[in-house]
Every structure is written in C-alpha cells, then in structure tokens.
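# Next input, structure requested:
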Amino acid sequence: MNEISPQQLLTQIRSMNAELQSPLPGTVNVPEQSGFGELFKDAIHQVNDTQMAATGMKREFETGTSDASLAEVMIASQKADLSFRAMTEVRNKLVNAYQEIMNMPV
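Residues are numbered from 1 along each chain as shown. Below you'll find the predicted structure:
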C-alpha cells in the first residue's frame with residue numbers, strides 16, 4: 001500500500017486551502033454584502049419613500065397641481081399602506097423570534 005505521511009497530508013491540505021481562498025479565473029470580486037441591520041434599514045427607507053411619494057401625490061391632487069388621476073393617487077396610497085403593513089408584520093415576526101430565542105434555556 002501507498003502510505004501518506006502526516007507531512008504530505010498537511011501539505012496537500014494547505015495547497016487545497018490556498019486554492020479555495022484564491023478567486024476563480026474570470027470571476028468578479030463582489031463587494032462584501034451588508035448585514036441584516038443594513039438591509040432592514042434600507043427596507044424601512046424604501047417604505048418611508050413610498051409613503052412620502054404617496055402623500056405628495058395626494059397633496060398635489062388635492063391642490064390641482066398634478067396631472068395624476070384619482071386612480072393613480074389611490075393606487076400609490078394603497079401601495080404605501082401595503083408596504084407599511086408588510087414592514088410591520090416583518091417587525092412583529094422579528095420581535096417574536098427574538099423573544100423565543102431569549103426564552104430558550106441555555
């Protein structure tokens with residue numbers, strides 16, 4: 001049988017590790033992804049932007065300074081409401097998950 005010495009095995013592991021660490025040819029370096037907190041913050045800002053846009057459309061429609069129809073204003077308002085409700089549900093799920101984790105015995 002062909003036995004491998006511990007030194008040869010260690011050398012092979014190190015060379016495989018080096019291959020895994022080096023980028024593949026033809027791949028593009030992707031910047032580090034932001035964390036969950038940053039993702040959630042961006043989602044909150046998007047919901048806020050949607051609500052601000054809908055409020056602006058309502059105000060412009062009421063004052064007559066917009067060419068938007070009533071249907072467009074109502075759709076924007078409903079989108080803002082739906083996005084806010086979805087964000088609230090996600091927040092509630094996160095709070096519940098946090099509470100469950102905190103109540104787990106260690």
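
# So D67: helix, strand or coil?
Under DSSP: H, G, I helix; E, B strand; the rest coil, D67 falls in the coil class.

# tell me the pLDDT at it?
D67 is assigned a pLDDT of 88 by the prediction.

# now A53
Note for A53: predicted pLDDT of 94.

# Now do the same contact list for it.
A76, A80 (Cβ atoms under 8 Å, 6 or more residues apart in numbering). (Glycine included, C-beta is placed from N, CA and C.)

# what does the one 4 residues further on give?
For M57, the contacting residues are S66, A68, E72, V73, A76, S77, by Cβ under 8 Å, 6+ apart.

# Mind telling me what element the closest residue to the first one other than its chain neighbours is part of?
Of all residues not flanking S66 in the chain, E60 sits nearest, at 3.5 Å (Cβ to Cβ, 6 or more residues apart in numbering). Under DSSP states H and E, the secondary-structure element containing E60 is helix 36-63.

# Next secondary structure after that helix?
Using DSSP H and E, the helix or strand that follows helix 36-63 in sequence is helix 70-103.

# What angle do helix 36-63 and that following helix make with each other?
Computed by axes from the mean of the first three to the mean of the last three Cα atoms, to 10 degrees, the angle separating helix 70-103 from helix 36-63 equals 150 degrees.

# Would you mind measuring from V95 to G64?
43 Å (Cβ to Cβ, to the nearest Å).
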